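> Give me the fold of what follows.
(4 chains)
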Number of protein chains: 4
Amino acid sequence: MNTDRIEAFSDGVFAIAITLLILEIKVPNADNLASGLLGLWPSYLAYAISFIVIGAIWINHHTMFDRIVRADHRLLLLNTAHLMFIAFLPFPTAVLAEALHQSQGQTTAAAFYGGTLTVVGLLVTAMWLHAANDPKLLSPLLTQAEAKRISYRYLMGPIGYLAATLLAFISHWISISIFVALNVYFLWSRRENSGTDQGLDSQ
Amino acid sequence: MNTDRIEAFSDGVFAIAITLLILEIKVPNADNLASGLLGLWPSYLAYAISFIVIGAIWINHHTMFDRIVRADHRLLLLNTAHLMFIAFLPFPTAVLAEALHQSQGQTTAAAFYGGTLTVVGLLVTAMWLHAANDPKLLSPLLTQAEAKRISYRYLMGPIGYLAATLLAFISHWISISIFVALNVYFLWSRRENSGTDQGLDSQ
Amino acid sequence: MNTDRIEAFSDGVFAIAITLLILEIKVPNADNLASGLLGLWPSYLAYAISFIVIGAIWINHHTMFDRIVRADHRLLLLNTAHLMFIAFLPFPTAVLAEALHQSQGQTTAAAFYGGTLTVVGLLVTAMWLHAANDPKLLSPLLTQAEAKRISYRYLMGPIGYLAATLLAFISHWISISIFVALNVYFLWSRRENSGTDQGLDSQ
Amino acid sequence: MNTDRIEAFSDGVFAIAITLLILEIKVPNADNLASGLLGLWPSYLAYAISFIVIGAIWINHHTMFDRIVRADHRLLLLNTAHLMFIAFLPFPTAVLAEALHQSQGQTTAAAFYGGTLTVVGLLVTAMWLHAANDPKLLSPLLTQAEAKRISYRYLMGPIGYLAATLLAFISHWISISIFVALNVYFLWSRRENSGTDQGLDSQ
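Alright, predicted model coming up:
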């Protein structure tokens, strides 16, 4: 099975999940609209975090499927499971926004958010490791050494998210900062390394 | 009419229906957020079941349209009717989650859910049988014998769903188990059989 | 400008509008779930009508853009206006369901629904007439005589919808029946006529 | 990286954001449905404005990506940030509708809406300026002089939106008129100028 339709379907789920995030923000009372809008900062923050997270995972998904040229059944199943947690993200986003708004339950909310991201990270890593071990699935432009180097990078995701989840029990702000920092790093590091497999990226 | 745009439109409906499922889960009260989040297990369960169901039907839809290369008007109508019930699924999902949450009406909710799946299964089977009887619609790579064998497999869907629906009157957990088991089986059996029509699948 | 991206964007709006319809149906109270689910028949009816309507308009949109091969600016604007009323349809659908449920305001609701369809029909007709008068936009496979015959058929849409809207003031059931009948007719008549421009449809 | 998937993902977000707008309009009480539906004019107005705005930005996005043939990492990041504010638009739309409905907070609501559009305009302009300064990203059919002329036109967006935002403190109707007028102008001016780079547009 080639990967075109998997990518198209995944893109659909990513685009919808990222756009549904806004539905969780409710119009404040018009009595004092300016302060009402300012008071929604936790919602804006949660919206921005999840937009960055889903955006980074989407870009990463594209990069991965530039390197994976064929899908077998297991990859399809892993991708579906992975989308199940991507489509779930608007819920922990809303939970986080509400907890920040009420200054209550922030630790639980940050750990819940981080736990969801940890599962996403584990599934992304599992997809890559499965493909990396099967030369039929990988692009012929990719050397074994490059595939290995990329595998180590993928392991950083779930480990980083798990650490951030545990650190929520010290402070939810630490967790939130790591969620954002990790995704900015993923975007940036991809850029740094883009010279290495430029031949592939420029297909 | 070729099937590209039907598939693209169907993929859109599948992707949206599967992603809308999360909107049915409401943020719990922050008083005791951890127990509130745990108490939502019926919603998580219903979300996961429907994600697996829609995901399996989507994969099956792809497999079917790898074998169907042209669409006539009747196929278009059947596909539209089929999408009407796919897009309906978030509602019985929410009904099932609410009934499990309230420990009330679970039989009705499971039967309602199963009834919807039975109609989906009947329409999928009708689409395939219609195409299988018209060589102009089928891929030339498919032999008559293979088409027949596949027809029998498609009949299992609505029969299995109908049985699961009726069994809800004994226990809703039996129904729910069959919904999940059937879809896991569809995914697995497709894998087992993938050798037979490998020539087609590897187009 | 070729029409590929207009069609893709329009397909997206059609697919989302048709899938959002389900969000208007709320889970009934679990006290007596079976009667609660049965009591939602107005919502199911409104859902089915709008699914058929949007489905038929979508299929018609495809047929039209099989015949239109290039888009100019005015066509783009008309298409955007047309999508504005397609995306609006979930609202009159919800209004109609609520009025049927409360046995109050059905005339207004049916006229509101019909008015929206009338505008959709006018914009569809305007798109076709604009394209039909500009040979640069039409497929070279289409003769002038065929284009003219098709133009007459497009006029039926807004006229039929307007008549149905006005008849709501006699009975909303007459309106609703015409909404459904017209769209079933559009699907059927297309089939009847498909022999005439078969050369085009089989592109 | 070529721009196909960026465009497809962006189209998805545009199509979803534009279609979600309708979810903000709630069914009025059926006691006096006709006057209830008329009383929703602020919601219809806000819906129409945002549909025109998102539609115009979508068309403009297409025109821009007809001229941009390759994307680097920075363009991808700018586009993601730009989509974050496009997907945000249903919220200021709902805020504006509510303020008009309650005749309270209209200045704040119009300024909030205009502020969001200003950020969208800044990001669109930043995307173009970044691409215009890198010949590797631009279509070879575009001359330097044309790229420069287009750059000036892009600057009009954020400047116009900022002016409209500030004018909300005199009257929110002035702001709203400018939001609509600017987008109609963008559509029209593109048409006027389409002769100049016709070679490109007719690719």
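> For the rest of this, base every contact and every neighbour count on C-alpha atoms.
Fine.
> Quick one: name the residues of chain A near chain B.
Contact residues, chain A versus chain B (CA under 8 Å from any CA of the partner chain): A:1-2, A:9-10, A:12-13, A:16-17, A:73, A:80, A:84, A:87-88, A:90-91, A:94-95, A:98-99, A:102, A:104-105, A:108-109.
> Poorly predicted segments of chain A, please.
Chain A contains residues with pLDDT under 70 at A:1, A:188-203.
> now residue A:88: how far from chain C?
17 Å (CA to the nearest CA, to the nearest Å).
> Please apply the same query to residue A:182.
32 Å.
> Got phi/psi on the residue of chain A most remote from its centre?
Note on chain A: the largest C-alpha distance from the chain mean falls to residue A:31, namely 37.7 Å (CA atoms, centre = their mean). Dihedral pair for residue A:31: phi -50, psi -50, per degrees, to the nearest 10.
> Run through the residues that contact it.
Listed by CA atoms under 8 Å, 6 or more residues apart in numbering or on different chains, the contact partners of residue A:31 are D:104-105.
> Quick one: residues contacting residue A:98.
By CA under 8 Å, 6+ apart, the contact list for residue A:98 reads A:42-43, B:27, B:30.
> Quick one: which of these is the most crowded by neighbours?
Highest neighbour count within the contacts of residue A:98: residue A:43, with 25 neighbours (other CA atoms under 10 Å in any protein chain shown).
> helix or strand for it, which one?
Using DSSP states H and E, the element containing residue A:43 is helix A:41-67.
> Buried residues in that helix, which are they?
A:42-62, A:64-67 (16 or more other CA atoms under 10 Å in any protein chain shown).
> Check stretch A:172-187 too.
For stretch A:172-187, a neighbour-count test (16+ other CA under 10 Å) marks A:172, A:174-176, A:178-179, A:182-183, A:186-187 as buried.
> Among those, which lie within helices?
Secondary structure from DSSP state H places A:172, A:174-176, A:178-179, A:182-183, A:186-187 of the buried residues of stretch A:172-187 in helices.
> would JSON lines of those with distance to chain D be doable?
Putting these into JSON lines (distance: CA to the nearest CA, whole Å) gives the following:
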{"residue": "A:172", "distance to chain D": "24"}
{"residue": "A:174", "distance to chain D": "24"}
{"residue": "A:175", "distance to chain D": "22"}
{"residue": "A:176", "distance to chain D": "19"}
{"residue": "A:178", "distance to chain D": "19"}
{"residue": "A:179", "distance to chain D": "17"}
{"residue": "A:182", "distance to chain D": "15"}
{"residue": "A:183", "distance to chain D": "12"}
{"residue": "A:186", "distance to chain D": "12"}
{"residue": "A:187", "distance to chain D": "8"}
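> Please identify which of these is nearest to chain B.
Set against chain B, the nearest of these by CA to the nearest CA is residue A:172 (14.3 Å).
> who touches the most centrally placed residue in chain A in this structure?
Geometric centre of chain A, nearest residue: residue A:57, 3.8 Å, by CA atoms, centre = their mean. Contact analysis of residue A:57 by CA under 8 Å, 6+ apart lists nothing.
> Could you tell me how far it is located from chain B?
Going from residue A:57 to chain B by CA to the nearest CA gives 16 Å.
> From the opening residue of stretch A:61-74 to its closing one, how far?
Taking CA to CA, to the nearest Å, stretch A:61-74 runs 16 Å from one end to the other.
> err, stretch A:32-50, not the other one
With CA to CA applied, stretch A:32-50 spans 28 Å between its terminal residues.
> Name the surrounding residues that touch that stretch.
Outside stretch A:32-50, the residues within contact range by CA under 8 Å, 6+ apart are A:18, A:21-22, A:24-25, A:28-30, A:89-90, A:93-94, A:96-98, A:100-101, A:179-180, D:84, D:105, D:108-109.
> Just the strands from chain A, written as ranges.
In chain A, no strands are found when defined by DSSP state E.
> doesn't residue A:158 make contact with residue A:182?
No. Applying CA atoms under 8 Å as the test, residue A:182 and residue A:158 come out as separate, 10.5 Å apart.
> Point out the residues in chain A that sit beside chain D.
Residues of chain A found near chain D (CA under 8 Å from any CA) are A:11-12, A:15-16, A:18-19, A:22-23, A:25-28, A:30-34, A:48, A:51, A:55, A:191, A:201-203.
> Buried only: go through the residues you listed for me.
Applying 16+ other CA under 10 Å to the residues of chain A next to chain D flags A:11-12, A:15-16, A:18-19, A:22-23, A:25, A:27-28, A:30, A:33-34, A:48, A:51, A:55 as buried.
> Give me the subset of those lying in helices.
Among these, the members found in helices (DSSP H) are A:11-12, A:15-16, A:18-19, A:33-34, A:48, A:51, A:55.
> In a markdown table, list those residues along with distance to residue B:149.
Output for these, formatted as a markdown table (distance: CA to CA, whole Å):
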| residue | distance to residue B:149 |
| --- | --- |
| A:11 | 34 |
| A:12 | 33 |
| A:15 | 38 |
| A:16 | 37 |
| A:18 | 41 |
| A:19 | 42 |
| A:33 | 65 |
| A:34 | 66 |
| A:48 | 51 |
| A:51 | 46 |
| A:55 | 43 |
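> ok, so of these, who is nearest residue A:152?
Relative to residue A:152, the closest of these is residue A:55; by CA to CA it sits at 21.6 Å.
> Grab the nearest non-local neighbour of the closest one.
residue D:80 (6.8 Å; CA to CA, 6 or more residues apart in numbering or on different chains).
> before we move on, what about residue A:111?
In space, and not counting its chain neighbours, residue A:111 is closest to residue A:165: 4.8 Å by CA to CA, 6+ apart.
> tally of neighbours for the one you found?
Using other CA under 10 Å, residue A:165 has 29 other residues around it.
> do the one 5 residues further on as well
Burial of residue A:170, expressed as a neighbour count using other CA under 10 Å, amounts to 11.
> Next up, the contacts around it.
Residues in contact with residue A:170 (CA under 8 Å, 6+ apart): none are found.
> From residue D:75, how far off is it?
Distance, residue A:170 to residue D:75, using CA to CA: 37 Å.
> same check, this time on residue A:147
Separation of residue A:147 from residue D:75 (CA to CA): 26 Å.
> for the helix holding residue A:43, the distance to its chain's centre please.
Offset of helix A:41-67 from its chain centre (CA atoms, centre = their mean, to the nearest Å): 5 Å.
> Same check on stretch A:78-90?
Counting by CA atoms, centre = their mean, stretch A:78-90 is centred 10 Å from the centre of its parent chain.
> Run through who's touching that stretch.
Contact with stretch A:78-90 is made by A:10, A:13-14, A:17-18, A:20-21, A:24, A:50, A:54, A:113, A:116, A:119-120, A:123-124, A:126-127, B:18-19, B:22, B:48, B:51, B:55, as judged by CA under 8 Å, 6+ apart.
> what do you get for stretch A:103-120?
The contact list for stretch A:103-120 (CA under 8 Å, 6+ apart) reads A:82, A:85-86, A:89, A:92-93, A:95-96, A:99-100, A:157-159, A:161-162, A:164-166, A:168-169, A:171-172, A:175-176, A:179, B:30-34.
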